[in-house]
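Colleague: prediction below, plus the sequence it came from.
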Amino acid sequence: MKRSGSADMPLHYGYVPQWLAERMAKLGLAVVENIVLDYGKDEVLRRLSDPFWFQSLGAVMGMDWHSSGITTSVMGALKRAINPHSRELGIYICGGKGKYSKQTPAELMKISESTGLDGNYLVKCSKLSAKVDNTAIQDGFQLYLHNFILSDTGKWAVVQQGMSDASGTARRYHWHSEQLSSFVNDPHTFIYGQNHGLILNMTAQQADAARNGVMQIATEKPETMLREINKLVMPGHHHVTAKDVDLKRLGAVLWLAHEKQPADFEELLLLQGLGPRTLQSLALVSEVIHGTPSRFKDPARFSFAHGGKDGHPFPVPTKVYDETIGTLQNAIYKAKLGQSEKNEAIKRLSKIAENAEKDFTPNANFEQVIAREREDSWKYGGRTVMGRSKPPVQQQLKLF
C-alpha cells in the first residue's frame with residue numbers, strides 16, 4: 001500500500017470567514033474540474049495524496065500558508081463544492097472533522113449503492129487507514145479529521161489529521177490506493193462459522209504483505225519511520241520570509257505578470273484584458289493545476305496568488321480572486337463546448353513562467369514586493385479576518 005506522505009504544521013485556532021469560504025469552494029471546484037478535464041479524475045486523487053501539492057492548493061486558495069487550518073478548510077471547501085457535481089466529475093468526498101469523520105462509513109455505503117462499488121471494501125480501507133495513523137503509529141498525534149476521497153473507478157485517497165497538545169502542532173497524513181496490492185482482493189475463499197458481519201483477518205496466509213507492513217510500522221520508532229516517508233514540516237513563524245520561497249520561481253511569475261503583457265506572447269493573446277495583478281494570480285493557479293510534483297516544494301510561494309485571511313503575506317485581494325475564478329470558470333465552460341483555446345492559454349501560462357526561470361535572475365526586493373501588495377491591497381478589495389483594507393493616509397486624503 002502507498003502511504004504517500006505527511007505534513008507537520010503549527011496549530012492555529014480561528015475560523016474561515018464566509019466571504020473567503022465561498023471563494024475557496026468556487027476556486028477549488030474550478031481547479032478540480034480543470035484537472036479532470038485535462039488529466040482525468042484519478043489524477044485528482046494523486047494530487048490530494050501529495051502533501052506538498054495539498055499545501056500549495058491551500059495557499060493559493062487564500063488560507064494561512066502553513067497552519068493546521070489549511071486541512072480542515074480546504075477539505076471542507078472541496079466537499080461542499082464537489083459533491084453536488086459528483087456524478088459529472090466522478091469524484092466523491094466523505095468524512096470531515098470530528099463527528100463528520102464518523103459519518104464516513106455511511107457515506108461510502110450510500111455512494112456504493114449509486115455507483116456499484118464495493119462499499120464494504122471501501123469502509124474497510126477507510127477504517128484501516130485511520131487505525132494505522134491513530135494507533136499503529138505511536139507518534140503522539142490523535143486523529144480528529146478523516147476525509148476519504150474516491151472516484152467512481154474505485155480508486156481512493158485519504159487526507160486525515162491528528163493533533164498533539166504536547167507539541168502544539170498538527171500532523172496531516174496522506175494515503176493513496178494506487179499501489180494497494182496488499183489487500184485489494186479479499187484473501188478468504190470463505191469463513192467458517194456464523195457470520196456476525198465484516199471482519200478484518202490479518203492472520204490469513206494471503207494477507208502477509210498487509211500484516212507485515214502494519215506490524216513493521218507498529219514496531220518501528222516513530223522518528224525512524226517518519227524519516228522514510230515524504231514529509232513536509234512547516235515553520236513556526238506566521239509571516240512569509242524569503243527563505244520560505246523559491247525567489248527565482250516567484251520572480252519569474254512577477255516578471256511575466258507585471259513587466260510583460262499577454263500580447264508579448266502569441267500563446268497568451270486570449271488572456272488579453274486581464275490586469276497584471278490577476279495575471280499573477282492566474283499564473284500561480286495554473287501551476288497548481290498543471291505543474292509537476294517538483295514545483296510544489298515551496299508552498300509559501302502560492303500565497304502570492306491570493307494572500308491569506310490573517311494578512312500574511314498580505315490581505316486577500318477579493319476582486320482579483322473573483323476575476324481569477326471567473327476566468328477559470330469561463331475557460332472550463334468553453335472547453336466543455338469544444339472551445340478549448342482559452343483553457344489551453346491558461347495551461348501555457350504556467351509553462352511560459354517556468355521557461356522564463358531558466359535564465360532569470362530575480363532583482364526585486366522580497367520585502368518590497370510584500371509591502372507593495374499591502375499598500376495596494378485596498379485597490380483589490382483586500383480583506384482579512386480583521387476587516388477590509390484601507391487606503392494609505394495620503395490616498396485617503398485624495399478621496400475627499
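Modeller: Happy to help now that I have it.

Colleague: could you check how far H290 is from S350?
Modeller: Distance from H290 to S350, counting by CB to CB, to the nearest Å: 5 Å. C-beta: built from backbone N, CA, C; applies to glycine.

Colleague: do the same with G387
Modeller: 33 Å.

Colleague: those two - which one has more neighbours?
Modeller: For the pair G387 and S350, the greater number of neighbours falls to S350 (22 against 9), based on other CB atoms under 10 Å.

Colleague: test my guess that that one contacts A283.
Modeller: Yes - using CB atoms under 8 Å, S350 is in contact with A283, at 6.2 Å.

Colleague: give me the contact list for stretch 324-336.
Modeller: 23, 26-27, 30-31, 33-34, 37, 271, 274, 278, 281-282, 285, 305-306, 340-343, 345-346 (CB atoms under 8 Å, 6 or more residues apart in numbering).

Colleague: in helices only, show me those.
Modeller: 23, 26-27, 30-31, 33-34, 37, 278, 281-282, 285, 305-306, 341-343, 345-346 (DSSP state H).

Colleague: filter the residues you listed to the buried ones?
Modeller: Buried members of the ones in helices among the contacts of stretch 324-336, scored by 16 or more other CB atoms under 10 Å, are 23, 26-27, 30-31, 33-34, 37, 278, 281-282, 285, 305-306, 342-343, 345-346.

Colleague: how about the helices in the stretch 151-300 of the chain?
Modeller: 208-219, 222-227, 247-254, 276-290 (DSSP state H, counting those that start in this stretch).

Colleague: can you pull the contacts of F302?
Modeller: 56-57, 59-60, 65, 284, 287-288.

Colleague: likewise K79?
Modeller: 93, 96, 147.

Colleague: hang on, it is in a strand, isn't it?
Modeller: No - read with DSSP: H, G, I helix; E, B strand; the rest coil, K79 is helix and lies in no strand.

Colleague: measure it to T153 for me?
Modeller: From K79 to T153 the distance is 19 Å (CB to CB).

Colleague: how about V240?
Modeller: For V240, the distance to T153 - CB to CB - is 38 Å.

Colleague: same question, D50
Modeller: Taking CB to CB, one finds D50 at 19 Å from T153.

Colleague: before we move on, what about E259?
Modeller: E259 is 44 Å from T153, by CB to CB.

Colleague: so between the two, which is more surrounded?
Modeller: T153 (14 against 10).

Colleague: ok, for that one, nearest residue in space, not its chain neighbours?
Modeller: D42 (6.1 Å; CB to CB, 6 or more residues apart in numbering).

Colleague: next, the angle from the one helix or strand that neighbour maps to to helix 276-290.
Modeller: Counting by DSSP states H and E, the element that carries D42 is helix 41-48. Angle, helix 41-48 to helix 276-290, by axes from the mean of the first three to the mean of the last three CA atoms, to 10 degrees: 110 degrees.

Colleague: hmm, who's touching helix 41-48?
Modeller: Against helix 41-48 from outside (CB under 8 Å, 6+ apart): 32, 35-36, 53-54, 57, 89-91, 149-153, 155-157, 159, 174, 176-178.

Colleague: mean confidence for that helix?
Modeller: Averaging pLDDT along helix 41-48 gives 96.

Colleague: same question for stretch 317-327.
Modeller: 97.

Colleague: quick one: that stretch to chain centroid distance?
Modeller: A distance of 19 Å separates the centroid of the chain from that of stretch 317-327, by CA atoms, centre = their mean, to the nearest Å.

Colleague: ok, stretch 269-287 next?
Modeller: On CA atoms, centre = their mean, the centre of stretch 269-287 falls 20 Å from that of its chain.

Colleague: would you map the strands across the protein?
Modeller: 2-10, 91-97, 142-151, 156-164, 169-176, 231-233, 316-317, 382-384, 387-388 (DSSP state E).

Colleague: A300: which of those strands is closest?
Modeller: With CB to CB, the closest approach to A300 among those belongs to strand 231-233: 11.5 Å.

Colleague: so where's the protein uncertain?
Modeller: 1-4, 11-14, 66, 136-139, 179-231, 235-238, 364, 394-400 (pLDDT under 70).

Colleague: tell me, what residue is most central in it?
Modeller: F54 (2.9 Å; CA atoms, centre = their mean).

Colleague: give me the nearest residue to it, chain neighbours excluded.
Modeller: L48 (6.1 Å).

Colleague: what's the local residue count around that neighbour?
Modeller: Considering only other CB under 10 Å, L48 is surrounded by 27 other residues.

Colleague: same deal with the one 3 residues further on?
Modeller: Number of residues near P51 (other CB under 10 Å) recorded here: 24.

Colleague: then G28?
Modeller: G28 has 24 nearby residues by other CB under 10 Å.

Colleague: show the contacting residues for it.
Modeller: 57, 61, 74, 77-78, 81-82 are the contacts of G28 under CB under 8 Å, 6+ apart.

Colleague: by neighbour count, which of the residues you listed wins?
Modeller: That'd be M61 among these, by other CB under 10 Å, with 32 neighbours.

Colleague: how about the nearest residue to that residue, chain neighbours excluded?
Modeller: M24 (4.6 Å).

Colleague: what sits against the one you found?
Modeller: 16, 61-63, 73-74, 77.

Colleague: closest one to T318 out of these, please.
Modeller: G62 (9.0 Å).

Colleague: I'd guessed the closest one sits against P313; true?
Modeller: No - using CB under 8 Å as the test, G62 is too far from P313 to be in contact (11.2 Å).

Colleague: how about a markdown table for the contacts of K79, with distance to I325 and neighbour count added?
Modeller: Output for those, formatted as a markdown table (distance: CB to CB, whole Å; neighbours: other CB atoms under 10 Å):
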| residue | distance to I325 | neighbour count |
| --- | --- | --- |
| I93 | 20 | 24 |
| G96 | 24 | 20 |
| N147 | 23 | 26 |
